[in-house]
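Asker: Provide a 3D model corresponding to the input given below.
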Amino acid sequence: MTGERRSIYLTTPIYYVNDKPHIGHAYTSLAADVLARWHRMSGHDVHFLTGTDEHGQKVEKAAEARGMDPQLFTDTVSQSFRELAVRMNYSNDDFIRTSEERHKRACAALWQRLEANGEIYLGHYEGWYAVRDEAFYGPDEIMEKDGQKFAPTGAPVEWVREPSYFFRLSQWQEKLLAFYEANPDFIAPQTRRNEVMSFVKSGLTDLSISRTSFKWGVKVPGDEAHVMYVWLDALTNYITALGYPSETEALWRFWPADVHFVGKDILRFHAIYWPAFLMAAGLPTPRRVFAHGWWTNEGQKISKSLGNVIDPLALIDEFGLDPVRFFLLREVPFGQDGDFQRKALVGRLNGELADALGNLANRTLSLIQRNCEGTLPAPVAAPTEADTAFLTATGHADAAGSPAWLVEKVDALLNEQKFDAALTLIFTSIREANGYITREQPWALKKTDLARMRDVLRHLHDALRVFATVLRPFMPETMEKLLDQLAVPAGARDLAALTTPLPEGVALPPPSPLFQKIQDAAA
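Answerer: Residues are numbered from 1 along each chain as shown. You can find the predicted model right below:
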């Protein structure tokens with residue numbers, strides 16, 4: 001089920017500090033958090049990194065517009081991303097900032113390694129540059145509207161000519177294509193892999209990796225008139241956090257990363273530039289880059305000009321943290337674009353959380369309180385045919401009560417980053433449990449067959465323990481409350497502990513509702 005203990009490294013992008021966090025930031029980090037929590041429950045050694053990207057022309061201009069020093073500006077905005085991590089209950093092990101000295105040292109070391117390997121040369125660059133994207137674009141990628149030229153992302157571009165150091169990216173075209181062929185799971189989902197391979201096949205040119213037209217960045221070693229290209233700077237954060245340039249630090253055991261979680265808009269940088277930089281430096285490449293889609297809001301593209309930016313903190317204040325966490329990964333297949341609809345959130349909270357799961361837990365635990373002296377009934381020695389069907393349907397491998405089937409299925413889906421499919425599977429099992437309690441009617445069995453009533457309630461309790469455990473990464477606070485109500489010891493809440501039944505006679509506390517239904521006219 002959990003396999004040999006492994007070192008697992010999961011990262012979010014480091015978020016650009018030109019504005020406050022929005023739902024997209026919350027979404028990416030949530031996926032990484034759920035997978036990190038799952039791997040910890042599986043007994044693995046996990047390192048989960050997030051942080052902020054604080055250099056570049058866009059940040060410098062944003063600071064100037066507010067009349068602030070760039071460092072003070074980034075200190076302020078970076079703190080808002082730290083606060084988001086706390087409010088969303090992320091379990092990150094580190095929060096990195098690219099303005100930190102440890103990061104500047106790592107960037108300088110990587111640059112010098114690339115330079116020593118003959119991968120960098122000095123020239124000059126002229127071309128179309130998008131400040132918003134911190135990226136150059138080829139003439140064939142530029143679109144024009146109303147006299148203004150735009151990048152494929154919609155960002156305005158300007159013609160730039162200045163001295164620049166270059167990375168010999170053109171020499172890595174065939175090597176990258178060979179790398180993708182040898183590592184078919186490196187880019188996910190498959191549609192994004194196809195896009196990247198098509199782009200690389202169309203031809204790569206050498207990459208400008210320094211600028212002289214602004215100053216807010218990591219200085220190029222030996223030539224401080226230049227600052228590093230923000231993406232060379234930013235991508236290096238993933239190894240900075242593990243102690244690079246030292247490869248003997250304890251944290252270096254986590255490299256290479258198991259999954260870099262990114263939005264689809266920054267896939268090119270992670271799937272082309274990053275592996276090329278690493279291979280050129282003689283360093284291992286990440287195992288996977290997963291690019292998820294974008295959210296719209298009630299069918300509209302999200303933008304500040306439309307005033308429809310979704311504030312994740314406002315959603316938490318209104319609906320509660322765990323329902324928001326659940327909804328974001330339940331509603332849309334991870335990797336596809338999704339539309340945020342208020343009525344869908346309310347529907348999921350009321351229908352699946354409050355009715356299906358919350359009501360099942362409250363009914364079961366209330367019946368145990370009233371009819372079993374508030375203590376856990378004994379494990380069932382001889383399940384009936386109906387019990388066996390229930391155990392199978394709710395993910396148990398056999399009538400002995402092992403939950404291996406459900407856990408192994410969820411494990412496989414989460415390792416493919418199929419969060420919505422994992423939740424669908426879990427809630428299919430929860431619906432089976434609701435069907436079982438309706439058919440068996442333990443409240444009626446009290447009058448006709450007390451022993452059978454206790455058996456039914458024990459099966460339901462065992463099923464709830466499995467549900468609460470596998471849902472812990474998605475809704476940690478609420479599932480801890482449910483496990484408390486189930487009287488599961490704090491040290492028995494990982495996946496391996498599910499194979500050990502709780503002993504009979506354990507005292508259960510009085511149950512309390514897990515979720516509050518929402519009465520929302522706006523939905």
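
Asker: alpha carbons only: can I get stretch 416-425 in CSV?
Answerer: Extracted in CSV, the C-alpha atoms of stretch 416-425 (Å, rounded to 0.1, in the frame of the first residue of the first chain):
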residue,chain,number,x,y,z
GLU,A,416,-1.1,10.8,-11.3
GLN,A,417,-2.4,14.1,-9.8
LYS,A,418,-6.0,13.0,-10.6
PHE,A,419,-7.4,14.7,-7.5
ASP,A,420,-11.0,14.9,-8.7
ALA,A,421,-11.0,11.2,-9.7
ALA,A,422,-9.8,10.3,-6.2
LEU,A,423,-12.5,12.3,-4.6
THR,A,424,-15.1,10.8,-6.9
LEU,A,425,-14.0,7.3,-5.9
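
Asker: quick one: mean pLDDT for it?
Answerer: For stretch 416-425, the mean per-residue pLDDT is 98.

Asker: so which bits of that stretch are buried?
Answerer: Going by neighbour count (16 or more other CB atoms under 10 Å), the buried part of stretch 416-425 is 416, 417, 418, 419, 420, 421, 422, 423, 425. For the C-beta atoms, the positions are set from N, CA and C on the backbone; glycine is no exception.

Asker: could you do stretch 317-326 as well?
Answerer: 319, 320, 321, 322, 323, 324, 325, 326.

Asker: so which of those residues are in strands?
Answerer: Taking DSSP state E, every one of the buried residues of stretch 317-326 sits outside strands.

Asker: bridge partners for residue 129, pull those for me.
Answerer: When assigned by DSSP bridges, residue 129 has beta-bridge partners residue 136, residue 158.

Asker: that one is in contact with residue 160, isn't it?
Answerer: Yes: between residue 129 and residue 160 there is a contact under CB atoms under 8 Å: 4.3 Å.

Asker: comparing these two, which residue is more hemmed in?
Answerer: Higher neighbour count among residue 129 and residue 160: residue 129, with 23 against 17, using other CB atoms under 10 Å.

Asker: show me what contacts the more buried one?
Answerer: For residue 129, the contacting residues are 135, 136, 137, 157, 158, 159, 160, by CB atoms under 8 Å, 6 or more residues apart in numbering.

Asker: mind listing the shared neighbours of residue 129 and residue 160?
Answerer: residue 136.

Asker: tell me the domain ranges of the chain?
Answerer: Using the TED database, the domain parsing of the chain gives 7-119+168-292, 122-163, 350-507.

Asker: mean pLDDT lowest where, among those?
Answerer: domain 122-163 - the lowest mean pLDDT of the domains of the chain, at a mean of 87.

Asker: how far does it sit from its chain's centre?
Answerer: On the basis of CA atoms, centre = their mean, to the nearest Å, domain 122-163 sits 31 Å off its chain's mean C-alpha point.

Asker: strands of the stretch 1-150 of the chain, start to end?
Answerer: Secondary structure of the stretch 1-150 of the chain by DSSP state E, counting those that start in this stretch: the strands cover 7-16, 45-53, 94-97, 120-130, 135-137, 143-145, 148-150.

Asker: same question, the stretch 251-400 of the chain
Answerer: 259-263, 289-292, 295-297, 300-301, 338-340.

Asker: dump those to CSV, plus mean neighbour count.
Answerer: Converted to CSV, these look like this (neighbours: other CB atoms under 10 Å):
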stretch, mean neighbour count
strand 259-263, 22
strand 289-292, 25
strand 295-297, 18
strand 300-301, 12
strand 338-340, 18
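
Asker: the ones you listed into TSV, with extra columns for distance to residue 498?
Answerer: Listed next are the strands of the stretch 251-400 of the chain as TSV, based on distance: least, CB to CB, whole Å:
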stretch	distance to residue 498
strand 259-263	25
strand 289-292	28
strand 295-297	34
strand 300-301	44
strand 338-340	32
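
Asker: nearest to residue 375 among the ones you listed would be which one?
Answerer: strand 259-263 (43.2 Å; CB to CB).

Asker: packing partners for that closest one?
Answerer: Helices and strands touching strand 259-263, by 3 or more CB pairs under 8 Å, 6 or more residues apart in numbering; DSSP states H and E, are strand 7-16, helix 23-41, strand 289-292.

Asker: tabulate the domains of the chain (JSON lines), appending distance to residue 302.
Answerer: Converted to JSON lines, these look like this (distance: least, CB to CB, whole Å):
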{"stretch": "domain 7-119+168-292", "distance to residue 302": "7"}
{"stretch": "domain 122-163", "distance to residue 302": "13"}
{"stretch": "domain 350-507", "distance to residue 302": "20"}
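
Asker: among the helices and strands packed on strand 259-263, which is nearest residue 235?
Answerer: Using CB to CB, the nearest of these to residue 235 is strand 7-16, at 9.0 Å.

Asker: what strands line up against that closest one, and which way round?
Answerer: strand 45-53 (parallel), strand 259-263 (parallel).

Asker: quick check: buried residues in the longest one?
Answerer: What it means is strand 45-53. 46, 47, 48, 49, 50, 51, 52, 53.

Asker: show me the helices in the stretch 201-350 of the chain, by range?
Answerer: For the stretch 201-350 of the chain, applying DSSP state H, counting those that start in this stretch gives helices covering 230-235, 237-240, 267-268, 274-280, 312-319, 321-330, 342-348.

Asker: adding distance to residue 453, write the ones you listed out as CSV.
Answerer: Converted to CSV, those look like this (distance: least, CB to CB, whole Å):
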stretch, distance to residue 453
helix 230-235, 60
helix 237-240, 55
helix 267-268, 56
helix 274-280, 59
helix 312-319, 36
helix 321-330, 32
helix 342-348, 32
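
Asker: for the ones you listed, which one sits closest to residue 13?
Answerer: For the helices of the stretch 201-350 of the chain, the distance to residue 13 is smallest for helix 230-235, at 8.1 Å, taking CB to CB.

Asker: quick one: residues in contact with the closest one.
Answerer: For helix 230-235, the external contacting residues (CB under 8 Å, 6+ apart) are 14, 53, 55-57, 98, 103, 107, 110-111, 134-135, 167, 209, 217-218, 269-270, 273-274, 277.

Asker: do stretch 440-452 as well
Answerer: Residues contacting stretch 440-452 (CB under 8 Å, 6+ apart): 367, 371, 386, 453, 456, 457, 460.

Asker: and what of stretch 357-375?
Answerer: Residues outside stretch 357-375 that contact it (CB under 8 Å, 6+ apart): 376-377, 427, 430, 433-434, 437, 442-443, 446, 453-454, 457, 460-461, 464, 467, 471, 482, 485-486, 504-508, 510-511, 513-515.

Asker: buried ones among those?
Answerer: 376-377, 427, 430, 433-434, 437, 442, 446, 453-454, 457, 460-461, 464, 467, 471, 482, 485-486, 508, 511, 514-515.

Asker: any idea how far residue 349 lies from residue 342?
Answerer: Going from residue 349 to residue 342 by CB to CB, to the nearest Å gives 11 Å.

Asker: compare those two and say which is more crowded by neighbours.
Answerer: residue 349 (25 against 16).

Asker: could you find the closest non-adjacent residue to residue 467?
Answerer: Distances taken as CB to CB, 6 or more residues apart in numbering place residue 430 nearest to residue 467, at 5.9 Å, with adjacent residues excluded.

Asker: where's that neighbour, which helix or strand?
Answerer: Using DSSP states H and E, residue 430 maps to helix 419-440.

Asker: next SSE after that helix?
Answerer: Following helix 419-440 toward the C-terminus (DSSP H and E): helix 442-448.

Asker: mind checking how far that following helix is from the chain centre?
Answerer: 45 Å.

Asker: among the contacts of residue 129, name the buried ones.
Answerer: Buried by 16+ other CB under 10 Å: 135, 136, 137, 157, 160, out of these.

Asker: thought the first one was touching residue 151?
Answerer: Yes: with contact defined as CB under 8 Å, residue 135 reaches residue 151; the gap is 7.2 Å.

Asker: thinking residue 486 is in contact with residue 467, fair?
Answerer: No: Residue 486 is beyond contact range of residue 467, at 9.9 Å (criterion: CB under 8 Å).
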